[in-house]
Structure formats: C-alpha cells, structure tokens
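*Asks:* Provided below are the primary sequence and the corresponding predicted coordinates.
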Amino acid sequence: MLKDFAEYIFSRVTQTAEEITPDELDWKLVEEANSIHWILTHLTKIAYLLIPQVITETYNTAGWDDHYEEEPHSLAELRSDLKAAHKNVLSLLGGLSEDDLNREIMIWGKMRPLKEPVFALLGELMHHNGQIAMLRGIKKRSL
C-alpha cells in the first residue's frame, strides 16, 4: 500500500513539474514569498535526497548536511532529478518489509519507527505540489 501511495504522489508531482512553463518558474505571489522555482527545488530535494537518506539511514542525525537548495538547478535538471527520485524511492520502498518500516530510528530528536518520517516526507511532497498548483492558478488568473 505504501508503495502504491508513493507511486500516486510521484505521478502527481512529476505531472506538475512537466506542466510548469519557464515564465512561471520565477513567479512569486509577493516579493517576500518563495518562487515556484524555489518550491520545486525544495520538493525535489525531499524526493531526490531526503526520502532515500531516511530509508537507507544515511542521513546526518544532527541535521540535513546537503547543499541541494543552495545550487541553481534548471527546470530540466529538476524534472530529471524528480524522475530519478521516483524510480529510486519506489525501488527502496519495494525492498522494505513491515518489520523494516516498524524499526526504530533516531530522527528529529527522538526514536521513531522508520515509516513515520517516510509518511511525513511523502506528505511534504503533496503539500508542496499543492503550493505550486495554487501559485500557477493564481498567476494564470491574474493576467
């Protein structure tokens, strides 16, 4: 069931990334807000780095130590990374048993079952996908 849910989420975020146009990428609702590009980069970081790091327990328990969001990524690179993440995460999830998902890991300051951060991070993908959809809709209607 978890793999099916992840497949659904990745199909949605991949579709959204494919539909974004270059003129939408740097658009912001207000100057202080994050752009669609920033949100897509953050979403891609979660999918491409954070979920696999949690599943394989290769994350830094003191905090995320990558610099993905600090490096500029083109729309094509983000789309490519999302496709790679889709394949990788589904493969990793397919290799997990119920016991694996219930195994306690140290994350976010305490011991938690592995499935808890996996659920939370998959939920973050949908959350940010919704933000992008909302911003795109506002931009289209405000022209």
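*Replies:* Nice, thanks for sending it over. Residues are numbered from 1 along each chain as shown.
*Asks:* got the buried residues for the lengthiest helix in the chain?
*Replies:* If you go by DSSP state H, the chain has its longest helix at helix 115-141. Residues 115-118, 121-122, 124-125, 128-129, 131-132, 135-136, 139 are the ones in helix 115-141 that count as buried (16 or more other CB atoms under 10 Å). (C-beta placed from N, C-alpha, C; glycine too.)
*Asks:* Likewise for stretch 40-60?
*Replies:* Within stretch 40-60, the residues that count as buried by 16+ other CB under 10 Å are 40-55, 59.
*Asks:* In helices, which of the residues you listed fall?
*Replies:* Using DSSP H, the subset of the buried residues of stretch 40-60 located in helices is Leu40, Thr41, His42, Leu43, Thr44, Lys45, Ile51, Pro52, Gln53, Val54, Ile55.
*Asks:* Wait, the third one touches His128, no?
*Replies:* The one in question is His42. Yes: in this structure, His42 is within contact of His128 by CB atoms under 8 Å, at 6.3 Å.
*Asks:* Closest one of the buried residues of helix 115-141 to Glu32?
*Replies:* Top of the list for closeness to Glu32, among the buried residues of helix 115-141 and by CB to CB, is Leu135 at 13.9 Å.
*Asks:* For Ala47, see how far away the closest one is.
*Replies:* From Leu135 across to Ala47, the span is 19 Å (CB to CB, to the nearest Å).
*Asks:* which intervals of the chain have sub-threshold pLDDT?
*Replies:* 60-66, 143 (pLDDT under 70).
*Asks:* Report the separation between the nearest residue to Tyr68 once chain neighbours are set aside and Ile39.
*Replies:* Nearest residue to Tyr68, sequence neighbours excluded (CB to CB, 6 or more residues apart in numbering): Lys45, at 4.3 Å. Lys45 sits 11 Å away from Ile39, going by CB to CB.
*Asks:* likewise Ser11?
*Replies:* Ser11 is 18 Å from Ile39, by CB to CB.
*Asks:* do Ala120 as well
*Replies:* Distance of Ala120 to Ile39, given as CB to CB: 18 Å.
*Asks:* Val13: neighbour count?
*Replies:* By other CB atoms under 10 Å, 23 other residues sit near Val13.
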